[in-house]
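[1] The amino acid sequence is not available; the structure is as follows:
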């Protein structure tokens with residue numbers, strides 16, 4: 001019997017123990033083995049591990065390529081992540097979902113585009129800082145960023161959200177409000 005032939009529950013336990021015993025970096029290398037391994041290892045690392053275990057410099061390249069997926073996973077399972085950024089993403093997502101015509105874009109796809117764009121724009125280190133896991137080289141104070149994120153969704157943030165998902169039609173309706 002091959003490892004991939006195991007029932008999904010048992011396979012997920014195998015992946016859990018693999019990541020626990022080998023570490024994140026060594027496990028990530030196995031993503032190249034097969035798509036099933038890649039999917040489950042990525043899920044285990046991004047969804048089930050606390051952020052403090054991902055702050056390590058050894059995971060930098062891996063996280064840079066999966067920053068949108070990491071943000072999306074923390075929306076559903078924050079673990080040790082602080083919530084102001086996640087709450088702001090939820091507000092943006094709700095705004096976009098209500099503004100778009102029904103059936104135009106699938107909800108998961110929309111959320112993935114938004115998380116990917118925000119994660120790429122913010123960058124890995126500032127994102128970890130805002131989520132409450134500063135890197136060892138960070139010397140600043142994220143208080144002003146967190147206060148800004150805690151405020152209600154404003155016009156600029158709505159525009160940013162629409163740019164992130166690429167909705168030009170809705171963006172054209174909001175731009176005249178900037179002149180007021």
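    Arrived safely, thanks for sending. As the structure is a prediction and not an experimental result, all values here were calculated from the model.

[2] Could you list the low-confidence segments of the chain?
    The chain contains residues with pLDDT under 70 at 1, 56-58, 60, 101-105, 134-146.

[3] do that again at 90, thanks
    In the predicted model, the chain carries pLDDT under 90 at residues 1-68, 70, 76-85, 96-110, 119-157, 159-180.

[4] can you pull out the helices in it?
    With DSSP state H, the ranges of helices along the chain come out as 8-22, 24-29, 35-48, 60-65, 67-76, 84-99, 107-122, 124-130, 143-150, 155-165, 168-174.

[5] okay, now residue 39: neighbour count?
    Using other C-beta atoms under 10 Å, residue 39 has 12 other residues around it. Where you see a C-beta, it was placed from the backbone N, CA and C, and this is true even at glycine.

[6] now do residue 92
    Using other C-beta under 10 Å, residue 92 has 22 other residues around it.

[7] For it, give me its contacts.
    When contacts are counted by C-beta atoms under 8 Å, 6 or more residues apart in numbering, residue 92 touches 114, 118, 153, 157, 158, 160, 161, 164.

[8] try 7 Å
    114, 153, 157, 161 (C-beta atoms under 7 Å, 6 or more residues apart in numbering).

[9] will you turn the helices of the chain into a markdown table that also has distance to residue 2?
    Listed next are the helices of the chain as a markdown table, based on distance: least, C-beta to C-beta, whole Å:
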| stretch | distance to residue 2 |
| --- | --- |
| helix 8-22 | 10 |
| helix 24-29 | 19 |
| helix 35-48 | 10 |
| helix 60-65 | 26 |
| helix 67-76 | 27 |
| helix 84-99 | 39 |
| helix 107-122 | 30 |
| helix 124-130 | 36 |
| helix 143-150 | 47 |
| helix 155-165 | 40 |
| helix 168-174 | 48 |
